[in-house]
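Colleague: the following block contains a protein sequence and its predicted model.
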Number of protein chains: 2
Amino acid sequence: MNLEPAVKYSHTLLQPIIGHGNTVIDATVGNGNDTLFLANLVGPTGHVLGFDIQQQALDNTATQLTLTGLTRQVQLIHDGHEHLEQYLEPQQPISAALFNLGYLPGSNKTIITHADTTLKALNTCLKHLRRGGIVALVVYYGHPGGEQEKEAVLAYAKGMDQHQYQVLHYGFINQIHQPPFLLAIQKR
Amino acid sequence: MNLEPAVKYSHTLLQPIIGHGNTVIDATVGNGNDTLFLANLVGPTGHVLGFDIQQQALDNTATQLTLTGLTRQVQLIHDGHEHLEQYLEPQQPISAALFNLGYLPGSNKTIITHADTTLKALNTCLKHLRRGGIVALVVYYGHPGGEQEKEAVLAYAKGMDQHQYQVLHYGFINQIHQPPFLLAIQKR
C-alpha cells in the first residue's frame, strides 16, 4: 500500500463525512473528477454546487455527469467561486467543499485561481460549514502566480483559530517538481 | 470522523504494511504504546526490536507485554537506537520502523533524542527497509532542544532522493502548542 497522493487523500478524508442528501461545494470543477466523486456521495437527494469560470470545463463535466447518471444532484455554475454566497440559502449548512488551486490541466495556463478570490470563497464555505465538516484545498503552485497564492493561503490557514478549526497539512516534501499538497480544514 | 492526530495516523499508515512474521523496529519504546501496537501486527512469528536508553521505560513496557501475552515476539534492548546495526543481521529486511522524537512523557525532560543519533538510527533503518516499507517519525519539538532536532530531521528528509523514497509530512499547522507532526518515509 503506497502513500496516497494529495488529490487521492482529499477524497479519503471527505468520503466518510459526506452522506446522502448533503449539500457540498466543488469550488473548482475543472476536469470534473471531484464533481463526480461528490455527486456519488451526496446521492440523488443531495446537492453539489460546482463552480468554474471556464465554460469548456462545465461542458465536459456535464457530459460526464450525463454518462454516469449523476446530473440530478449537480448544479453547474458558470461563475467565479467568490460569488458562492449568492447561490446558497443564508442558513444552508454544507458538509464539505473542495478546491483545486492552480490552472486547469490541458487548458490555458494563464487562467489560474488567485489568493483574493480563493480566500473569499473559502470564507463563505467556512461560514456554512457544519461541525465536523471539511474544506479541502489541493494546492498546485508550480505555475507562474502559484507561489504567491500558496503563500497567502498557507498564511491564512496557519492563522486560523485552533478552537474553531483544525488545519492539516498533507504533502510530500522531497519532490523536486512541486507536486500539489493538501490543506484540510475541519470545523470543531 | 475527525482528522487523526499525527500519532494515530502513524499507526494508520503502518497497519496495512506490516504482516505476521515481519521484523520491525520500535526505535523509541517510551511508554510502550507503539511496541504493543507493532507486536500485535507482527504476531507470534514476528519480531519487534524495541530500543530505549531508560530502563524504567523498558520495565514498564515489559509488564504491559506480559499482561497482553505479547512477550514472545518482542526483544527489548537497553541501548541507544544509534547502535541498531549491531542487533540486526546484515541482510535482515524490515518492513517498518517507528520513532517518537523528543522526551518520554511523564519522565525526565532533559533526556531527549538528538539529531545525530536519530539520523544514524534512521539511516540504518532505511538500509534494511524493504520496498514499500515505511519509517515513521513522530516529531515532538516543543521542549528545549526540540527545535534543533526538528530542523535537522526536516532538512535531511527534504533532501532524500525522490527516486528512492517518498517523504510525507502530515501535521496540524494552526496549533499554538506545537503538537507533534509525522514524517513518513516510504521506500519505492
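Modeller: Structure received. Residues are numbered from 1 along each chain as shown, chains lettered A, B, ... in the order given.
Colleague: what does the strand ranked longest in chain A contact?
Modeller: In chain A, with assignment by DSSP state E, the single longest strand is strand A:129-139. The contact list for strand A:129-139 (Cβ atoms under 8 Å, 6 or more residues apart in numbering or on different chains) reads A:6-7, A:10, A:13-14, A:17, A:93-102, A:118, A:122, A:125-126, A:149-150, A:153, A:180-188, B:1-3. Bear in mind the C-beta positions are built from the backbone N, C-alpha and C, glycine included.
Colleague: buried subset of these?
Modeller: Buried residues within these, counting neighbours by 16 or more other Cβ atoms under 10 Å in any protein chain shown: A:6-7, A:10, A:13-14, A:17, A:94-102, A:118, A:122, A:125-126, A:149-150, A:153, A:180-186, B:3.
Colleague: out of the contacts of strand A:129-139, which sit inside strands?
Modeller: Secondary structure defined by DSSP E assigns A:94-101, A:181-187 of the contacts of strand A:129-139 to strands.
Colleague: skipping adjacent residues, who's closest to residue A:166 in space?
Modeller: Spatial nearest neighbour of residue A:166, excluding adjacent residues (Cβ to Cβ, 6 or more residues apart in numbering or on different chains): residue A:186 at 4.8 Å.
Colleague: so what's the closest residue to residue A:40 other than its chain neighbours up against?
Modeller: Leaving aside its sequence neighbours, residue A:40 sits nearest to residue A:70 (Cβ to Cβ, 6+ apart; 6.8 Å). By Cβ under 8 Å, 6+ apart, residue A:70 lies in contact with A:36, A:39-40.
Colleague: was I right about the residue nearest to residue A:166 contacting residue B:2?
Modeller: Yes: counting by Cβ atoms under 8 Å, residue B:2 is a contact partner of residue A:186 at 6.7 Å.
Colleague: which neighbours do those two share?
Modeller: Taking Cβ under 8 Å, 6+ apart as the criterion, residue A:186 and residue B:2 both touch A:132, A:166.
Colleague: off-centre distance for the host helix or strand of residue A:61?
Modeller: Using DSSP states H and E, residue A:61 falls within helix A:55-68. In terms of Cα atoms, centre = their mean, to the nearest Å, the centre of helix A:55-68 is found 17 Å from the chain centre.
Colleague: what pairs with the helix or strand following that helix, parallel or antiparallel?
Modeller: Remark: after helix A:55-68, the chain's next helix or strand is strand A:74-78, criterion DSSP H and E. The strands that strand A:74-78 pairs with in its sheet are strand A:47-52 (parallel) (by DSSP bridges).
Colleague: so who does the residue nearest to residue A:166 touch?
Modeller: A:132-134, A:165-166, A:168, B:2-3.
Colleague: how about residue A:164?
Modeller: Contacts of residue A:164 by Cβ under 8 Å, 6+ apart are A:187-188.
Colleague: who are the packing partners of the helix holding residue A:61?
Modeller: For helix A:55-68, the helices and strands in contact under the criterion 3 or more Cβ pairs under 8 Å, 6 or more residues apart in numbering or on different chains; DSSP states H and E are helix A:33-42, strand A:47-52, strand A:74-78.
Colleague: winner for burial among these?
Modeller: strand A:47-52 (a mean of 25; mean count of other Cβ atoms under 10 Å in any protein chain shown).
Colleague: what's the angle from that one to helix A:33-42?
Modeller: Relative orientation of strand A:47-52 versus helix A:33-42 (axes from the mean of the first three to the mean of the last three Cα atoms, to 10 degrees): 170 degrees.
Colleague: for residue A:178, give its distance to residue A:6.
Modeller: Distance of residue A:178 to residue A:6, given as Cβ to Cβ, to the nearest Å: 11 Å.
Colleague: just the pLDDT for the residue nearest to residue A:40.
Modeller: According to the prediction, residue A:70 has pLDDT 98.
Colleague: just residue A:104 next, same as before
Modeller: With respect to pLDDT, residue A:104 scores 83.
Colleague: isn't it up against residue A:54?
Modeller: Yes: in this structure, residue A:104 is within contact of residue A:54 by Cβ under 8 Å, at 6.2 Å.
Colleague: more neighbours, those two?
Modeller: More neighbours surround residue A:104 than the other of residue A:104 and residue A:54, with 21 against 17 (other Cβ atoms under 10 Å in any protein chain shown).
Colleague: just give the nearest non-adjacent residue to that one, would you?
Modeller: The shortest distance from residue A:104 to any non-neighbouring residue, by Cβ to Cβ, 6+ apart, is to residue A:30 (4.8 Å).
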